[in-house]
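Engineer: okay, structure incoming, though there's no sequence with it:
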């Protein structure tokens, strides 16, 4: 099982949970661009965090919902997943 | 000067509301042209309920929208984040805005508002998430549930999608709210708003939504589509539910003229009453008062009504009350004026049914034809119900009636677009 969230997985979640289609390579290249600029709103981010928690059986800190950019989210989520590994 | 012309002069001094764009999503056709062609020919789209998960339910016949491809009309994120009733609303609003050649850039971002009516909400989306709740647990419910299944969803999404920051609202007033929405739009336009996107669409054919309707004694459980919805006849056995509806662009008469767009109709008058549930006889007075109120607002006499789009519930007591209400409000003219109920060919899409009737009334005036009431023959209740085939007629004024199952009664008067100020 993957213990780290990749930009590819994040892009897939954005599409599945919020209908926001983004190229994983673009997401990585623009990892400091706010989610809002990709068309993802706060409900979409909330759904992605919820899906990650369900998938990994992990509790992700509440401030994950407040992450503004893909890089911030990956940092928060991967810290949790690494600590559990 | 007679009282009538004084009333009309007063009505003319107000900022009047005209309809300049229309978008239709109906069981009989997607797009106003396809819908009108089928409606004029008296086509019925009532048929077996085929939507997923509905097979075991006692409801056998409905008006399903089959010619609608959401993926080609609505962006991916709205497909994921919103319910089918909002997909209908967004697609119909697009058609109406195109028809009116209007967008936020041309009207200014605060120049356009949105008002929809809804009585069913996002049942399909809601059911999916409720199944997640009870099947997997609360952590598996997606956050878009918090907005997608509410009555206000379509107004919000149309506003966000089009960048419309004028007055926005939703009318939750039962089926008749589909007409009341036009009064709300006219109110926005009498203020300072240039244009309103207005109408109603519904998608109440998910299993959850159908189960909610099974408690209505007025619901027809007849299995033969040709016999399931026969208002104003001895064989009336209730109404057939449907999905779909229509969206419009309504705008201030002078502004529309200055923009160089044609007024397709004038919103001349509206009134609404509430007589409570479970007593269809009481709707007689409620509906009659609504008709009189709409005539008063328009400054018009009963004899000026050229066609009536009936509520036509298909329940004998309700049909009788409607016929009597017309006699009360229109006097002897009630027996002469052509009455039609094209919704017997589509079913009743709750608030969307009233919006569809508005679309039909506008199209009927434009084509100078009263479309027929599909499947209905042997009419009683003393009305001149147009059945069989369409009837040519010079139509300057159309009266649209709607009642909700829980007691709301509304009347909307529309005038031919040529009545708009030149």
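Structural biologist: That came in fine, so what should we check first? None of these values were measured; they are calculated from a predicted model.
Engineer: for residue B:315, what are its contacts?
Structural biologist: Neighbour list for residue B:315: B:218, B:236, B:238-239, B:280 [criterion: Cβ atoms under 8 Å, 6 or more residues apart in numbering or on different chains]. Any C-beta I mention is one placed from the backbone N, CA and C, and that applies to glycine too.
Engineer: same thing but at 6 Å, please
Structural biologist: Going by Cβ atoms under 6 Å, 6 or more residues apart in numbering or on different chains, residue B:315 touches residue B:218.
Engineer: look up how far residue B:216 lies from it.
Structural biologist: 10 Å (Cβ to Cβ, to the nearest Å).
Engineer: kindly report the same for residue B:87.
Structural biologist: In this view, residue B:87 and residue B:216 are 25 Å apart by Cβ to Cβ.
Engineer: so which strand or helix has the closest residue to chain A within chain B?
Structural biologist: At 3.1 Å from chain A, residue B:80 is the closest residue in chain B, using Cβ to the nearest Cβ. Secondary structure assignment for residue B:80, by DSSP states H and E: helix B:76-81.
Engineer: all helices for the stretch 1-150 of chain B, in order.
Structural biologist: B:3-13, B:32-40, B:70-73, B:76-81, B:84-100, B:104-107, B:123-135, B:145-148 (DSSP state H, counting those that start in this stretch).
Engineer: wait, residue B:352 touches residue B:245, no?
Structural biologist: Yes - Residue B:352 lies in contact with residue B:245 (Cβ atoms under 6 Å); the separation is 2.7 Å.
Engineer: compare those two and say which is more crowded by neighbours.
Structural biologist: Per other Cβ atoms under 10 Å in any protein chain shown, whichever of residue B:352 and residue B:245 has more neighbours is residue B:352, with 38 against 34.
Engineer: so how far is stretch B:412-422 from its chain's centroid?
Structural biologist: 18 Å (Cα atoms, centre = their mean, to the nearest Å).
Engineer: ok, residue B:406 to residue B:58 distance?
Structural biologist: Residue B:406 is 21 Å from residue B:58, where distance means Cβ to Cβ.
Engineer: next up, phi/psi of residue B:242, please.
Structural biologist: Main-chain torsions, residue B:242, degrees, to the nearest 10: phi -150, psi 170.
Engineer: which bits of the stretch 1-150 of chain B sit near chain A?
Structural biologist: For the stretch 1-150 of chain B, the contact set with chain A under Cβ under 6 Å from any Cβ of the partner chain comprises B:76-77, B:79-81, B:139, B:142-144.
Engineer: may I see those organised as CSV, with distance to residue B:333 added?
Structural biologist: What follows is the residues of the stretch 1-150 of chain B next to chain A, written out as CSV (distance: Cβ to Cβ, whole Å):
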residue, distance to residue B:333
B:76, 52
B:77, 51
B:79, 48
B:80, 52
B:81, 49
B:139, 62
B:142, 54
B:143, 55
B:144, 50
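Engineer: give me the pLDDT value at residue A:11.
Structural biologist: pLDDT for residue A:11: 97.
Engineer: now do the same for the spatially closest residue to residue B:292 that is not a sequence neighbour: its pLDDT.
Structural biologist: Distance criterion Cβ to Cβ, 6 or more residues apart in numbering or on different chains; nearest residue to residue B:292, sequence neighbours excluded, is residue B:329 at 5.3 Å. What the model reports for residue B:329 is a pLDDT of 98.
Engineer: follow-up on the earlier one: more crowded one of residue B:406 and residue B:58?
Structural biologist: A count of neighbours by other Cβ under 10 Å puts residue B:406 above the other of residue B:406 and residue B:58, at 15 against 10.
Engineer: helix or strand for the more buried one, which one?
Structural biologist: Short version: residue B:406 belongs to no helix or strand, going by DSSP H and E.
Engineer: can you verify my assumption that residue B:294 contacts residue B:413?
Structural biologist: Yes - applying Cβ under 6 Å as the test, residue B:294 and residue B:413 come out as touching, 4.6 Å apart.
Engineer: spell out which residues are contacts of both of those two.
Structural biologist: Between them, residue B:294 and residue B:413 share the contacting residues residue B:269, judged by Cβ under 6 Å, 6+ apart.
Engineer: so residue B:302 touches residue B:334, yeah?
Structural biologist: No - using Cβ under 6 Å as the test, residue B:302 is too far from residue B:334 to be in contact (8.0 Å).
Engineer: and residue B:246, that's in a helix?
Structural biologist: No - going by DSSP: H, G, I helix; E, B strand; the rest coil, the assignment for residue B:246 is strand, not a helix.
Engineer: would you map the helices across chain A?
Structural biologist: Secondary structure of chain A (DSSP state H): helices at A:7-18, A:24-29, A:35-38, A:42-56, A:70-84.
Engineer: turn the ones you listed into a markdown table, including distance to chain B and mean neighbour count.
Structural biologist: Below are these laid out as a markdown table (distance: least, Cβ to the nearest Cβ, whole Å; neighbours: other Cβ atoms under 10 Å in any protein chain shown):
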| stretch | distance to chain B | mean neighbour count |
| --- | --- | --- |
| helix A:7-18 | 6 | 19 |
| helix A:24-29 | 16 | 15 |
| helix A:35-38 | 10 | 16 |
| helix A:42-56 | 4 | 19 |
| helix A:70-84 | 15 | 17 |
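Engineer: make CSV out of those and add distance to residue B:262.
Structural biologist: Formatted as CSV, the helices of chain A follow (distance: least, Cβ to Cβ, whole Å):
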stretch, distance to residue B:262
helix A:7-18, 40
helix A:24-29, 45
helix A:35-38, 40
helix A:42-56, 40
helix A:70-84, 49
